[in-house]
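Sequence first, then the predicted structure, then my questions.
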Amino acid sequence: MKFRESALAASLGLAALVLPALSYADDRLQQAIYHVNEAITQGGKLHDAGLLSYHADLALEKAEGLQKFKPNPHMAEAIVHIKAAIAEGQANHAEAGTLQAKEALSHLEEASKETAQ
């Protein structure tokens, strides 16, 4: 009986360690979408190219991490547009950066749809 209790406790402990890591992988896509939306808001409505670049950079970090974990053609295309948004933002071109971020968002949403299936 003691063995079963020990095995149950060990498996619950292992699950407590592993499950947050698995949910983290899925959460990166939602975080990337959030930061791209923020980049669009900063560049489009507030005309702040610096914050557009900042949020696009955060989105890029999440998207690249997820692309390494689970490759997806839509994610790869989103990464291209996120990098372009960062470059436009650093060049102080908020409008062009916003257009790139919007294109990245459409690809991230497509990747999200594929992941949900």
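Now that the structure is in, tell me what you want to look at. For clarity, every value in this text was computed on a predicted model and none was experimentally measured. Numbers count the residues shown, from 1 in each chain.

Find the nearest non-adjacent residue to the residue sitting nearest the centre point of the chain, please.
Nearest to the centroid of the C-alpha atoms of the chain, with distances taken as C-alpha atoms, centre = their mean, sits Ala32, at 2.3 Å. Nearest in space to Ala32, with sequence neighbours left out and distances taken as C-beta to C-beta, 6 or more residues apart in numbering, is Lys62 at 3.9 Å. C-beta coordinates here come from the backbone N, C-alpha and C atoms, glycine included.

In this structure that neighbour contacts Ala56, no?
No. The pair Lys62 / Ala56 is not scored as a contact, 10.9 Å apart, by C-beta atoms under 8 Å.

list the contacts for the residue nearest to the centre of the chain?
By C-beta atoms under 8 Å, 6 or more residues apart in numbering, the contact set of Ala32 is Ala59, Lys62, Ala63, Leu66, Ala78, Leu108.

Nearest to Ile40 among those?
Ala59 (10.3 Å; C-beta to C-beta).

check which helix or strand covers that closest one.
helix 49-69 (DSSP states H and E).

Just list what that helix packs against, helices and strands only.
Contacts defined by 3 or more C-beta pairs under 8 Å, 6 or more residues apart in numbering; DSSP states H and E place helix 49-69 against helix 2-40, helix 73-90, helix 94-116.

Which one, of the ones you listed, ends up nearest to Gly50?
helix 73-90 (6.9 Å).

Please list the residues outside that closest one that contact it.
The contact list for helix 73-90, computed with C-beta under 8 Å, 6+ apart, reads 32, 36, 39, 43, 49-50, 52-53, 56-57, 59-60, 63-64, 66-67, 94, 96-98, 100-101, 103-105, 107-108, 110-111, 114.

Cool, thanks, talk later.
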